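A.B. asks: Predicted model follows, preceded by the sequence.
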Amino acid sequence: MSIAKDVRYYLKNKPYIREALEKGIVNLSSLSRQIQKELGVDNFEAVKAAIRRSSDEMKKTREKMEEKVLNILKESKITIYDGDSVLITDKPLEIEDKFRVNLGRNYFYLAEKDKMPKKVDGIIRETENCTTIIVESSDKIEGVPGVVAFLTSMLSEQGVNMFEFISCWKYTIIVVHKKDALKAYEILSEITK
(Lines give C-alpha, C1' and ligand atoms only; values in the text may rest on other atoms or scores of the structure.)
Protein backbone atom coordinates (compact mmCIF):
# COMPACT_ATOMS: atom_id res chain seq x y z
CA MET A 1 0.00 0.00 0.00
CA SER A 2 1.16 3.57 -0.61
CA ILE A 3 1.82 6.03 2.21
CA ALA A 4 -1.23 8.08 1.16
CA LYS A 5 -3.50 5.02 1.35
CA ASP A 6 -2.01 4.00 4.70
CA VAL A 7 -2.61 7.49 6.09
CA ARG A 8 -6.19 7.65 4.74
CA TYR A 9 -6.92 4.24 6.30
CA TYR A 10 -5.39 5.36 9.60
CA LEU A 11 -7.49 8.52 9.67
CA LYS A 12 -10.64 6.67 8.64
CA ASN A 13 -10.41 4.63 11.84
CA LYS A 14 -9.72 7.56 14.19
CA PRO A 15 -12.97 9.57 14.43
CA TYR A 16 -11.67 12.10 16.96
CA ILE A 17 -8.62 12.89 14.86
CA ARG A 18 -10.82 13.14 11.76
CA GLU A 19 -13.14 15.57 13.52
CA ALA A 20 -10.23 17.73 14.65
CA LEU A 21 -8.83 17.75 11.10
CA GLU A 22 -12.23 18.69 9.70
CA LYS A 23 -12.35 21.62 12.09
CA GLY A 24 -8.76 22.63 11.30
CA ILE A 25 -7.59 22.45 14.91
CA VAL A 26 -4.70 20.00 14.56
CA ASN A 27 -0.99 20.68 14.35
CA LEU A 28 -0.25 18.79 11.14
CA SER A 29 3.45 18.38 11.90
CA SER A 30 2.79 16.82 15.30
CA LEU A 31 0.13 14.54 13.88
CA SER A 32 2.43 13.58 11.00
CA ARG A 33 5.16 12.55 13.44
CA GLN A 34 2.68 10.49 15.45
CA ILE A 35 1.27 8.74 12.37
CA GLN A 36 4.77 8.27 10.97
CA LYS A 37 5.79 6.51 14.19
CA GLU A 38 2.64 4.36 14.44
CA LEU A 39 2.77 3.29 10.80
CA GLY A 40 6.53 2.82 10.77
CA VAL A 41 6.97 5.17 7.79
CA ASP A 42 10.21 7.11 7.16
CA ASN A 43 8.95 9.84 4.80
CA PHE A 44 7.65 12.68 7.02
CA GLU A 45 6.76 14.97 4.09
CA ALA A 46 4.72 12.25 2.36
CA VAL A 47 2.74 11.62 5.56
CA LYS A 48 2.09 15.33 6.08
CA ALA A 49 1.01 15.80 2.45
CA ALA A 50 -1.37 12.84 2.72
CA ILE A 51 -2.87 14.28 5.91
CA ARG A 52 -3.33 17.68 4.27
CA ARG A 53 -5.08 16.17 1.21
CA SER A 54 -7.26 13.94 3.37
CA SER A 55 -8.11 16.87 5.63
CA ASP A 56 -9.29 19.00 2.70
CA GLU A 57 -11.47 16.15 1.41
CA MET A 58 -12.92 15.54 4.87
CA LYS A 59 -13.80 19.21 5.35
CA LYS A 60 -15.76 19.30 2.10
CA THR A 61 -17.55 16.04 2.87
CA ARG A 62 -18.37 17.10 6.43
CA GLU A 63 -19.77 20.47 5.34
CA LYS A 64 -22.11 18.80 2.85
CA MET A 65 -23.17 16.15 5.35
CA GLU A 66 -23.68 18.64 8.18
CA GLU A 67 -25.80 20.83 5.92
CA LYS A 68 -28.06 17.87 5.05
CA VAL A 69 -28.32 16.87 8.73
CA LEU A 70 -29.20 20.41 9.84
CA ASN A 71 -31.81 20.73 7.09
CA ILE A 72 -33.51 17.55 8.34
CA LEU A 73 -33.38 18.74 11.96
CA LYS A 74 -34.69 22.24 11.17
CA GLU A 75 -37.86 20.58 9.84
CA SER A 76 -38.22 18.40 12.94
CA LYS A 77 -40.66 18.72 15.80
CA ILE A 78 -39.82 18.10 19.47
CA THR A 79 -42.31 16.61 21.93
CA ILE A 80 -41.57 16.10 25.63
CA TYR A 81 -43.23 13.71 28.04
CA ASP A 82 -42.41 14.15 31.70
CA GLY A 83 -42.95 11.66 34.51
CA ASP A 84 -42.27 8.53 32.49
CA SER A 85 -40.81 5.29 33.74
CA VAL A 86 -38.57 2.77 32.05
CA LEU A 87 -39.02 -0.88 32.90
CA ILE A 88 -36.82 -3.71 31.68
CA THR A 89 -38.06 -7.21 32.38
CA ASP A 90 -37.19 -10.76 31.51
CA LYS A 91 -40.76 -11.60 30.42
CA PRO A 92 -43.48 -9.76 28.52
CA LEU A 93 -46.05 -7.70 30.40
CA GLU A 94 -49.54 -6.53 29.59
CA ILE A 95 -49.33 -2.81 30.31
CA GLU A 96 -50.47 0.34 28.58
CA ASP A 97 -47.16 1.64 27.27
CA LYS A 98 -45.84 4.34 24.98
CA PHE A 99 -43.11 2.10 23.63
CA ARG A 100 -42.37 -1.57 23.90
CA VAL A 101 -39.32 -3.27 22.46
CA ASN A 102 -38.66 -6.98 22.45
CA LEU A 103 -34.92 -7.32 23.02
CA GLY A 104 -34.83 -11.08 22.58
CA ARG A 105 -34.51 -12.34 26.14
CA ASN A 106 -35.58 -9.04 27.69
CA TYR A 107 -38.35 -6.50 27.21
CA PHE A 108 -38.14 -2.71 27.34
CA TYR A 109 -41.17 -0.61 28.30
CA LEU A 110 -41.56 3.15 28.40
CA ALA A 111 -44.78 4.21 30.06
CA GLU A 112 -46.31 6.86 32.25
CA LYS A 113 -45.46 6.19 35.87
CA ASP A 114 -49.08 5.61 36.94
CA LYS A 115 -49.57 3.05 34.13
CA MET A 116 -46.74 0.84 35.42
CA PRO A 117 -47.86 -2.25 37.35
CA LYS A 118 -47.25 -2.11 41.10
CA LYS A 119 -45.85 -5.62 41.51
CA VAL A 120 -44.05 -7.35 38.68
CA ASP A 121 -41.93 -10.47 38.69
CA GLY A 122 -38.84 -10.49 36.56
CA ILE A 123 -37.90 -6.80 36.77
CA ILE A 124 -34.31 -6.30 35.74
CA ARG A 125 -34.34 -2.52 36.05
CA GLU A 126 -36.90 0.18 36.75
CA THR A 127 -36.14 3.87 36.39
CA GLU A 128 -38.74 6.43 37.45
CA ASN A 129 -39.03 10.19 36.92
CA CYS A 130 -37.71 10.13 33.39
CA THR A 131 -38.31 12.59 30.63
CA THR A 132 -38.90 11.31 27.13
CA ILE A 133 -37.98 13.59 24.26
CA ILE A 134 -39.24 12.63 20.83
CA VAL A 135 -37.70 14.28 17.79
CA GLU A 136 -40.03 13.70 14.87
CA SER A 137 -38.35 14.34 11.55
CA SER A 138 -39.54 14.05 7.98
CA ASP A 139 -39.18 10.62 6.42
CA LYS A 140 -36.20 12.03 4.47
CA ILE A 141 -34.15 11.22 7.59
CA GLU A 142 -33.77 7.63 6.39
CA GLY A 143 -31.64 8.80 3.48
CA VAL A 144 -29.35 11.13 5.41
CA PRO A 145 -26.49 9.51 7.32
CA GLY A 146 -25.31 11.15 10.52
CA VAL A 147 -28.51 12.61 11.99
CA VAL A 148 -28.52 10.34 15.03
CA ALA A 149 -24.76 10.75 15.47
CA PHE A 150 -25.16 14.53 15.34
CA LEU A 151 -27.92 14.53 17.98
CA THR A 152 -26.11 12.18 20.34
CA SER A 153 -22.83 14.07 19.96
CA MET A 154 -24.49 17.41 20.68
CA LEU A 155 -26.13 16.06 23.84
CA SER A 156 -23.15 14.11 25.14
CA GLU A 157 -20.73 17.00 24.52
CA GLN A 158 -22.98 19.14 26.73
CA GLY A 159 -22.99 16.53 29.52
CA VAL A 160 -26.50 15.14 28.93
CA ASN A 161 -26.72 11.42 29.64
CA MET A 162 -29.19 9.64 27.37
CA PHE A 163 -29.76 6.45 29.31
CA GLU A 164 -32.24 5.08 26.77
CA PHE A 165 -32.27 5.84 23.07
CA ILE A 166 -34.33 4.47 20.19
CA SER A 167 -34.22 5.54 16.57
CA CYS A 168 -36.96 4.13 14.43
CA TRP A 169 -38.20 5.39 11.06
CA LYS A 170 -38.63 9.15 11.47
CA TYR A 171 -38.71 9.15 15.28
CA THR A 172 -35.72 9.64 17.52
CA ILE A 173 -36.66 8.82 21.11
CA ILE A 174 -34.33 10.02 23.84
CA VAL A 175 -34.90 9.23 27.50
CA VAL A 176 -33.05 11.31 30.08
CA HIS A 177 -33.22 11.74 33.82
CA LYS A 178 -35.48 14.58 34.85
CA LYS A 179 -32.50 16.67 35.99
CA ASP A 180 -31.17 16.71 32.38
CA ALA A 181 -34.51 17.38 30.68
CA LEU A 182 -34.34 21.18 30.43
CA LYS A 183 -30.75 21.17 29.23
CA ALA A 184 -31.54 18.49 26.62
CA TYR A 185 -34.58 20.41 25.41
CA GLU A 186 -32.62 23.66 25.11
CA ILE A 187 -29.88 21.96 23.06
CA LEU A 188 -32.35 20.19 20.78
CA SER A 189 -34.59 23.21 20.29
CA GLU A 190 -31.57 25.31 19.33
CA ILE A 191 -30.70 22.75 16.64
CA THR A 192 -34.24 22.49 15.31
CA LYS A 193 -35.06 26.18 14.99
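C.D. replies: Everything's here; your move.

A.B. asks: Can you list the buried residues in the lengthiest helix in the chain?
C.D. replies: Taking DSSP state H as the criterion, the chain has its longest helix at helix 44-74. Under the neighbour-count criterion of 16 or more other C-beta atoms under 10 Å, helix 44-74 has 46-51, 54-55, 58, 62, 65, 68-69, 72-73 buried. For glycine as for every other residue, the C-beta is placed from the backbone atoms N, C-alpha and C.

A.B. asks: which residue ranges form the helices in the protein?
C.D. replies: Using DSSP H, helices in the chain cover 3-12, 15-23, 28-39, 44-74, 147-157, 178-191.

A.B. asks: what's the least confident stretch among these?
C.D. replies: For the helices of the chain, the bottom mean pLDDT is recorded on helix 15-23, which sits at a mean of 89.

A.B. asks: quick one, domains of the chain?
C.D. replies: 3-64, 75-191 (automatic domain parsing).

A.B. asks: Number of residues surrounding the spatially closest residue to Val175 that is not a sequence neighbour?
C.D. replies: Spatially, and ignoring its direct neighbours in sequence, Val175 is nearest to Glu164 (3.7 Å; C-beta to C-beta, 6 or more residues apart in numbering). Counted with other C-beta atoms under 10 Å, the neighbours of Glu164 add up to 18.

A.B. asks: contacting residues for Glu164?
C.D. replies: Neighbouring residues of Glu164 by C-beta atoms under 8 Å, 6 or more residues apart in numbering: 86, 108, 110, 130, 173-175.

A.B. asks: do that again at 10 Å, thanks
C.D. replies: 84, 86, 88, 99, 101, 108, 110, 127, 130, 132, 173-176 (C-beta atoms under 10 Å, 6 or more residues apart in numbering).

A.B. asks: One more: Ile166?
C.D. replies: Applying C-beta under 10 Å, 6+ apart, the residues contacting Ile166 are 99, 101, 108, 110, 132, 134, 172-175.

A.B. asks: Narrow the residues you listed to those in strands?
C.D. replies: 99, 101, 108, 110, 132, 134, 172-175 (DSSP state E).

A.B. asks: Just the buried ones from the residues you listed?
C.D. replies: 99, 108, 110, 132, 134, 172-175.

A.B. asks: just the residues you listed now: which is nearest Val144?
C.D. replies: Thr172 (12.4 Å; C-beta to C-beta).

A.B. asks: Perfect, I'm done here.
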